[in-house]
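[1] no FASTA, just this:
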């Protein structure tokens, strides 16, 4: 008698059918964005300020995979939305412009528009609601325009320098400030862009929102409070960092002050 192949469970067949249906979509997205991601890994994602980019992308993919069964169940039998077509066109135009003109804000950001459009066209609004946080989390991997970074960095550096100066002066140290330059004793220290904490703030905000999404607390007040508190926590951490480096330089000299930055190049001050 011949061997009879074991029957595949119905749930496994359904899961396999789901993934097979999405294979052409995944292949199309890879054709579009694999060159873009390879360029990012060789350029901006290789810098200390933007090393969180691939981490955010990986976490967003994990969130989408984690919510996949709930998305499929919630969208079962739901009508698709024709709003996906104009959103798809906008996303495709953003990709074309961003890729051809080297505008990372458009090129990387277009993937969110295209994913929103694909969900609406294939599974409807219920699927989009199920995957909204994964798509929102991708915002943190989009490189900010240089002009916006410069506009935000200078006020943040000035504020960090101002607070650090006043605290150390109140503690009795001979310190003065001119713009973002701190002079303590015979030493002058320039508060560099890294000490402004802009990228640190974005990274901490992303981690905080990820934590809130995973624990899924029902308290809206608690969630909003924790999300808001990340801003002063990040600012305080940068003030403490500048104060510590300033005191190390004052007590041990410039070589020791610079050496203290070496283990954390993304946080260094010059």
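    Yep, it's here. All values reported here derive from a predicted model rather than from experimental measurement. Numbers count the residues shown, from 1 in each chain.

[2] quick one: contacts for the residue nearest the centre of the chain?
    A centroid search over the chain (C-alpha atoms, centre = their mean) returns residue 140, at 2.5 Å, as the residue closest to the centre. Contacts were defined as C-beta atoms under 8 Å, 6 or more residues apart in numbering; by that measure residue 140 touches 52, 56, 202-203, 205-206. Heads up, the C-betas are built off the backbone N, CA and C, glycines and all.

[3] how about it, secondary structure?
    In the three-state summary, residue 140 is assigned as helix, counting by DSSP: H, G, I helix; E, B strand; the rest coil.

[4] just to revisit the earlier point, dump the contacts of residue 140 into JSON lines; add distance to residue 114 and neighbour count as well.
    Formatted as JSON lines, the entries for those read as follows, by distance: C-beta to C-beta, whole Å; neighbours: other C-beta atoms under 10 Å:
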{"residue": "52", "distance to residue 114": "22", "neighbour count": "20"}
{"residue": "56", "distance to residue 114": "17", "neighbour count": "21"}
{"residue": "202", "distance to residue 114": "23", "neighbour count": "20"}
{"residue": "203", "distance to residue 114": "25", "neighbour count": "20"}
{"residue": "205", "distance to residue 114": "24", "neighbour count": "16"}
{"residue": "206", "distance to residue 114": "21", "neighbour count": "20"}
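
[5] closest to residue 151 out of those residues?
    The shortest approach to residue 151 among these belongs to residue 202, at 15.0 Å (C-beta to C-beta).

[6] going by distance to residue 65, which of the contacts of residue 140 wins?
    residue 56 (15.0 Å).

[7] was I right about that closest one contacting residue 206?
    Yes. Counting by C-beta atoms under 8 Å, residue 56 does reach residue 206; the two are 6.1 Å apart.

[8] the strand or helix carrying residue 156 packs against which elements?
    Taking DSSP states H and E as the criterion, the element that holds residue 156 is helix 146-170. With contacts defined as 3 or more C-beta pairs under 8 Å, 6 or more residues apart in numbering; DSSP states H and E, helix 146-170 has these neighbours: strand 175-178, strand 181-184, helix 198-215, helix 220-252.

[9] list the buried residues in the second one.
    Judged by neighbour count using 16 or more other C-beta atoms under 10 Å, the buried positions of strand 181-184 are 182, 184.

[10] quick one: strands adjacent to the helix or strand that it is followed by?
    Along the chain past strand 181-184, the next helix or strand (assigned with DSSP H and E) turns out to be strand 187-190. Here strand 187-190 is paired, per DSSP bridges, with strand 181-184 (antiparallel).

[11] just the mean pLDDT for the partner strand, thanks.
    Averaging the model's pLDDT scores along strand 181-184 yields 88.

[12] just stretch 114-128 next, same as before
    Mean pLDDT, computed over stretch 114-128, is 93.

[13] ok, residues contacting stretch 80-98?
    When contacts are taken as C-beta under 8 Å, 6+ apart, the neighbours of stretch 80-98 outside the stretch itself are 32, 103-114, 116-125.

[14] at 7 Å what do you get?
    By C-beta atoms under 7 Å, 6 or more residues apart in numbering, the surrounding residues in contact with stretch 80-98 are 32, 103-104, 106-107, 109-110, 113-114, 116-117, 120-125.

[15] narrow those to those that are buried.
    With neighbours counted by 16+ other C-beta under 10 Å, the contacts of stretch 80-98 contain buried members at 32, 104, 106-107, 109-110, 113-114, 116-117, 120-121, 123-125.

[16] nearest to residue 192 among those?
    residue 104 (22.8 Å).

[17] phi, psi of that closest one?
    According to degrees, to the nearest 10, the main-chain angles of residue 104 amount to phi -60, psi -30.

[18] residue contacts, the nearest residue to it once chain neighbours are set aside?
    Excluding the flanking residues, the one nearest residue 104 by C-beta to C-beta, 6 or more residues apart in numbering is residue 143, at 4.6 Å. Under the criterion of C-beta under 7 Å, 6+ apart, the contact partners of residue 143 comprise 44, 50, 104-105, 108.
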